[in-house]
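>>> Take a look and give me a structure for this.
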Amino acid sequence: MGNQTSRTIERKRESRRSRRRSTVTLGAQSHTSQGNYNWIEENTATSLSANGINAALAAAARQHASLQQQQQPNQLQLDSQVVTPPQPRRKSITEFFMKRKLSFTKPTEEDYREYDRLQRQHYLLKSARKGNSWVPMENSKDKTFVDIGTGNGIWALEMASQYSQAQVIGLDIRLPPEQTMTTLKNLRFIRIDIHDSWPLSDNTVDLVFQRNMSQHIKRTQWKPLMEKIFRVLKPGGYLELMELDPFCHNPGPVQKTFEEFAKTYWEELEMDFGFIETIKEQLEQVGFEIEEEKQLDIPIGEWPEESELKQFGFINKETKKAYLRNRKLELINKWRIPAEDYDLAIQEIMEEFEEYHGFSRYTCWIVKKPL
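Numbering: from 1, shown residues only. Reported below is the predicted structural model:
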């Protein structure tokens with residue numbers, strides 16, 4: 001990849017002076033498209049500036065602390081152990097999670113960086129969607145929500161705080177034991193490979209939520225996973241599935257080259273680079289009823305003129321940069337390229353997002369288990 005990337009960067013720099021913005025391809029069909037940003041008009045209460053994110057974090061912390069006080073003012077009981085009430089808010093929710101994780105394993109710098117990236121991505125999508133879920137939630141009493149691939153657990157934590165009468169369960173292969181992860185009585189985490197059998201009974205779950213898990217699911221694992229979800233859902237229960245297109249829309253030449261290698265890597269790992277086109281059919285084959293399919297396009301970079309989209313684009317670009325940097329060691333070893341060439345490619349890709357008006361497309365399927 002190193003030589004090809006270097007040649008692509010050099011060709012791009014030579015041609016940059018003499019052309020205006022366009023989409024360049026390297027031996028593959030272009031996926032130039034116009035993003036659909038109509039959703040921004042529906043989100044008049046949304047703000048994703050730095051102050052907006054800080055406000056969202058602070059609001060979540062206040063809600064969490066308030067719920068703790070309501071449950072038991074002096075001390076909290078958890079699995080017959082007495083634990084002290086939460087201390088005043090730390091600098092970030094990432095530190096909140098990682099501090100509790102220390103009793104299980106010492107986090108690395110890579111852990112901190114990835115958890116921070118997931119944190120920014122979570123609030124980007126929450127702010128764009130004006131909430132954590134699009135599933136109708138009229139009454140949460142005695143309901144059960146399951147978060148597949150919960151990661152740093154922020155979605156599950158916020159849902160448990162918001163819906164105190166519901167039970168929230170996070171499933172993930174890398175989580176510590178539940179007693180080190182939470183003081184909320186209605187929230188627990190289970191360490192499990194989601195492709196193994198689940199310790200959940202049939203027809204017991206009201207909502208299953210899955211987001212950004214495509215890089216952890218092989219081509220042959222999609223349908224069996226959906227069958228597991230179908231089994232545990234109650235009749236009338238919902239699955240909310242939100243996944244990101246594995247490629248950037250409106251790529252520049254370096255980005256396009258990068259994606260061709262990424263596609264090959266996916267194929268080597270037996271993952272489906274075109275899974276977005278096959279999910280709906282597999283959901284229907286399992287027995288789900290498709291209630292709604294939504295697309296959420298988010299710009300990458302500050303190229304939009306509309307201020308709200310510009311703010312979204314800034315955060316989205318930062319998460320893309322963090323993702324590529326977090327995977328640097330893995331990818332330079334895989335593709336056998338010098339670290340400096342990889343860094344140069346990332347720099348060019350960041351510039352291309354602005355130059356070519358790149359954007360990310362999330363597709364969300366809201367499906368229901370028939371009554």
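
>>> after the helix or strand harbouring residue 330, next one along is what?
Using DSSP states H and E, residue 330 sits within helix 328-335. Per DSSP H and E, helix 328-335 leads on to helix 339-355 as the next helix or strand towards the C-terminus.

>>> Go through whichever helix or strand comes after that next one and flag the buried ones.
Per DSSP H and E, the first helix or strand lying C-terminal to helix 339-355 is strand 359-368. If you call a residue buried by 16 or more other C-beta atoms under 10 Å, then strand 359-368 has these buried ones: 359-368. From N, CA and C alone the C-beta is placed, and that goes for glycine too.

>>> Now do strand 359-368, average pLDDT.
Strand 359-368 shows a mean pLDDT of 96.

>>> List the contacts of that strand.
Contacting residues not belonging to strand 359-368 are listed as 35, 125, 134-135, 236-245, 248-250, 276, 279-280, 283, 288-300, 316, 320 [C-beta atoms under 8 Å, 6 or more residues apart in numbering].

>>> Okay, angle between that strand and helix 339-355 too, please.
Per axes from the mean of the first three to the mean of the last three C-alpha atoms, to 10 degrees, the angle that strand 359-368 makes with helix 339-355 is 80 degrees.

>>> Could you identify the buried members of the contacts of strand 359-368?
Buried among the contacts of strand 359-368 by 16+ other C-beta under 10 Å: 35, 125, 134-135, 237-245, 248-250, 276, 279-280, 283, 288, 296-300, 316, 320.

>>> What about those residues, which are in strands?
Among the buried ones among the contacts of strand 359-368, the ones falling in strands (DSSP state E) are 237-244, 296-299.

>>> any chance of these in JSON lines, with pLDDT too?
Shown next, in JSON lines, are those (pLDDT from 0 to 100):
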{"residue": "237", "pLDDT": "97"}
{"residue": "238", "pLDDT": "98"}
{"residue": "239", "pLDDT": "98"}
{"residue": "240", "pLDDT": "98"}
{"residue": "241", "pLDDT": "97"}
{"residue": "242", "pLDDT": "97"}
{"residue": "243", "pLDDT": "96"}
{"residue": "244", "pLDDT": "95"}
{"residue": "296", "pLDDT": "95"}
{"residue": "297", "pLDDT": "96"}
{"residue": "298", "pLDDT": "96"}
{"residue": "299", "pLDDT": "96"}
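
>>> Run through who's touching stretch 201-219.
Outside stretch 201-219, the residues within contact range by C-beta under 8 Å, 6+ apart are 121, 125, 133, 135, 143-149, 155, 159, 166, 194-195, 225, 229, 231-235, 237-244, 246, 269-272, 275.

>>> End to end on stretch 263-278, go ahead and measure it.
With C-alpha to C-alpha, to the nearest Å as the measure, stretch 263-278 spans 17 Å from end to end.

>>> Next one: the closest residue to residue 289 other than its chain neighbours from residue 235, what distance?
Sequence neighbours aside, residue 368 is the residue nearest to residue 289 in space, at 4.8 Å (criterion: C-beta to C-beta, 6 or more residues apart in numbering). From residue 368 across to residue 235, the span is 9 Å (C-beta to C-beta, to the nearest Å).

>>> which other helices and strands contact the strand or helix carrying residue 119?
Using DSSP H and E, residue 119 maps to helix 109-129. In this structure, helix 109-129 makes packing contacts with helix 50-71, helix 93-101, helix 154-162, strand 289-299, helix 307-326, judged by 3 or more C-beta pairs under 8 Å, 6 or more residues apart in numbering; DSSP states H and E.

>>> worst average pLDDT in the ones you listed?
Here the lowest mean pLDDT among the helices and strands packed on helix 109-129 goes to helix 93-101, at a mean of 46.

>>> picking up where we left off before, flag every buried residue along the helix holding residue 119.
Buried residues in helix 109-129 (16+ other C-beta under 10 Å): 111, 114-129.

>>> can you pull up the bridge partners for the spatially closest residue to residue 153 that is not a sequence neighbour?
Leaving aside its chain neighbours, residue 153 sits nearest to residue 170 (5.2 Å; criterion: C-beta to C-beta, 6+ apart). Beta-bridge partners recorded for residue 170 (DSSP bridges): residue 147, residue 189.

>>> Run through the residues that contact residue 170.
Residue 170 neighbours (C-beta under 8 Å, 6+ apart): 146-147, 150, 153, 156, 187-190.

>>> Residue 309 and residue 130: what is the separation?
The value you get for residue 309 to residue 130, if C-beta to C-beta is used, is 15 Å.

>>> For these two, indicate the residue with more neighbours.
Under the criterion of other C-beta atoms under 10 Å, the comparison of residue 309 against residue 130 puts residue 309 first, with 22 against 13.

>>> my guess is the more buried one meets residue 299, correct?
Yes: taking C-beta atoms under 8 Å as the definition, residue 309 is a contact partner of residue 299 at 5.5 Å.

>>> hmm, which two among the buried residues of strand 359-368 are most spread apart?
Using C-beta to C-beta, the buried residues of strand 359-368 reach their maximum pairwise distance at 359 and 368, which is 29.5 Å.

>>> pLDDT below threshold where in the stretch 151-300 of the chain?
Applying pLDDT under 70 to the stretch 151-300 of the chain flags residues 175-182.

>>> which residue ranges form the helices in it?
Ranges of helices within the stretch 151-300 of the chain are 154-162, 222-232, 253-268, 279-286, based on DSSP state H, counting those that start in this stretch.

>>> Leaving out the residues flanking it, which one is nearest to residue 229?
Using C-beta to C-beta, 6+ apart and skipping the chain neighbours, the partner closest in space to residue 229 is residue 208 (4.9 Å).

>>> can you tell me which residues contact residue 296?
By C-beta under 8 Å, 6+ apart, the residues touching residue 296 are 39, 125, 128-129, 361-364.
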